[in-house]
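Chemist: sharing a model that was predicted from the sequence below.
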Amino acid sequence: MGLLTPLAIRIGAIPWMPKLLPQVVWTDRNLQKVTGGRVTILDIAGLPNLMLTVVGRKSGIPRTTPLLCVPDGDTWLIAGSYFGGPNMPVWVGNIRAAGEAEITWDRKQVPVTATELHDADRAAAWQVMLRTWPNFAKYEERTDRLIPVFRLTRR
């Protein structure tokens with residue numbers, strides 16, 4: 001956690017944030033281009049993050065998405081929250097179809113297997129994730145869909 005993490009948590013809780021997600025992602029990608037991949041918006045906010053690259057289930061083209069993550073031992077937890085918006089993030093369908101991906105973590109490329117968590121495993125992981133990003137609870141309230149949680153494990 002960093003100095004700006006409390007501010008990031010407050011901004012992330014704003015109800016209309018899902019509408020701004022495309023602009024946030026655009027800004028983050030450009031920030032990464034300018035810094036050669038060394039800095040992301042989540043870095044500035046003091047939050048753990050990774051770049052998820054997964055092959056598109058329809059296009060077959062690798063797509064990369066910056067995501068908040070929660071390191072959990074030797075694995076990473078990620079959630080398809082989309083700020084609690086009504087639509088599922090595209091990467092969720094892609095990772096469900098592929099079952100594997102590559103992440104950039106600490107500037108290193110890491111091949112991973114993705115396991116979607118269900119029932120008690122999901123509930124336990126969700127509690128771990130809430131300690132890092134309490135807004136996941138707000139996102140859950142905003143949407144009718146169950147927010148999927150994935151555990152990424154090194155291959």
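Modeler: Received the coordinates, thanks.
Chemist: quick one: low-confidence ranges for the chain?
Modeler: 1 (pLDDT under 70).
Chemist: ranges for the strands of it?
Modeler: Here the chain has its strands, by DSSP state E, at 49-55, 62-68, 70-72, 75-79, 100-105, 108-116, 149-154.
Chemist: what's the closest of those to Gly93?
Modeler: With C-beta to C-beta, the closest approach to Gly93 among the strands of the chain belongs to strand 49-55: 9.6 Å. Yep, even glycine has a C-beta here, placed from its N, CA and C like the rest.
Chemist: report the separation between the one residue sitting closest to the centre of the chain and Asp119.
Modeler: Closest to where the C-alpha atoms of the chain average out (C-alpha atoms, centre = their mean) is Leu67, at 3.0 Å. Distance, Leu67 to Asp119, by C-beta to C-beta, to the nearest Å: 23 Å.
Chemist: now do Val25
Modeler: Taking C-beta to C-beta, one finds Val25 at 31 Å from Asp119.
Chemist: what is the neighbour count of Asn94?
Modeler: Residues within reach of Asn94, counting by other C-beta atoms under 10 Å, total 22.
Chemist: residue contacts, it?
Modeler: Contacts for Asn94 (C-beta atoms under 8 Å, 6 or more residues apart in numbering) come out as 54-57, 63.
Chemist: Val25 and Asp119: who's more crowded?
Modeler: Per other C-beta under 10 Å, whichever of Val25 and Asp119 has more neighbours is Val25, with 13 against 7.
Chemist: what's near enough to touch the spatially closest residue to Thr104 that is not a sequence neighbour?
Modeler: Distances taken as C-beta to C-beta, 6 or more residues apart in numbering put Met51 closest to Thr104, at 4.0 Å, once the chain neighbours are dropped. Listed by C-beta under 8 Å, 6+ apart, the contact partners of Met51 are 37, 64-67, 103-104.
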